[in-house]
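Enquirer: Sequence and predicted structure below; questions after.
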Amino acid sequence: MLNSYYTVKSEGSDEVIIQKSRFIGHVKRVETEEEAMKFIEHIKKKHQDATHNCSAYMIGEHDLIQKANDDGEPSGTAGVPILDVLKKRGLKDTAVVVTRYFGGIKLGAGGLIRAYSSTTSQAIETTGVVKRQLMQQFIIGIDYTLLGKVENELRNSEFHLDKIDYLENVQLSVFVETQKDKLFQDWMVDLTSDQASITKGKQDYFEMDV
């Protein structure tokens, strides 16, 4: 598993007008090629009256699955520019479809490349990017009298308070970078004067807005 990587939030879109042509960028996080293909087909059906539905996706820890499709635009002017944006942004597990409704003015090869690149970038910005950091979850059990102090310190620390469960004792779910496990445990012991129960939970990716 990668220690961290960047991807998009779940799904989003945006639209730009370039020389009277409508370009609509659709973005979705996908984890398999099958998911990417289903997304592309969904957009094609939704915009079946469009002039083109050009697409690209990049999937896998090491970007082993990469595909680009010009969907009738001149070769290399649509799918590849979309894919290039994903590469330059370092985005994994991401699929993009750019729908074009032709407005009557030809853009030329250079104009098409710029149009598909800029639409992709705009749609990604609108959708939002996250950093997925591999982290260790800890479940911290404390008495209610310690909640104010511990919650405040956690929210001002480098550790990530995920949620609080108000049970017989308070249980806080905290995510910690994997290499900082011991640092966190020692910090929590000091903070609570060793009055907290500290249990390791799952190891998972924690998402942070970029």
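Expert: Cool, the structure landed.
Enquirer: so which strand or helix has residue 42?
Expert: Per DSSP states H and E: residue 42 is located in helix 33-46.
Enquirer: what sits up against that helix?
Expert: With contact meaning C-beta atoms under 8 Å, 6 or more residues apart in numbering, helix 33-46 is reached by 26, 28, 30, 53, 55, 57, 59, 65, 67, 69, 95, 97, 99. Placement of C-beta: from N, CA and C, glycine included.
Enquirer: beta partners of the fourth one?
Expert: Just to be clear, that refers to residue 53. Beta-bridge partners for residue 53, by DSSP bridges, are residue 99.
Enquirer: how much space between it and residue 108?
Expert: Using C-beta to C-beta, to the nearest Å, we find residue 53 at a distance of 21 Å from residue 108.
Enquirer: ok, the two, which is more surrounded?
Expert: residue 53 (23 against 10; other C-beta atoms under 10 Å).
Enquirer: Hmm, that one is touching residue 99, no?
Expert: Yes: here residue 53 reaches residue 99: they are 5.2 Å apart, a contact under C-beta atoms under 8 Å.
Enquirer: what sits in contact with each of those two?
Expert: Common contacts of residue 53 and residue 99, defined by C-beta under 8 Å, 6+ apart, comprise 43, 47.
Enquirer: burial of residue 137, as a residue count?
Expert: Residue 137 has 17 neighbours, counted by other C-beta under 10 Å.
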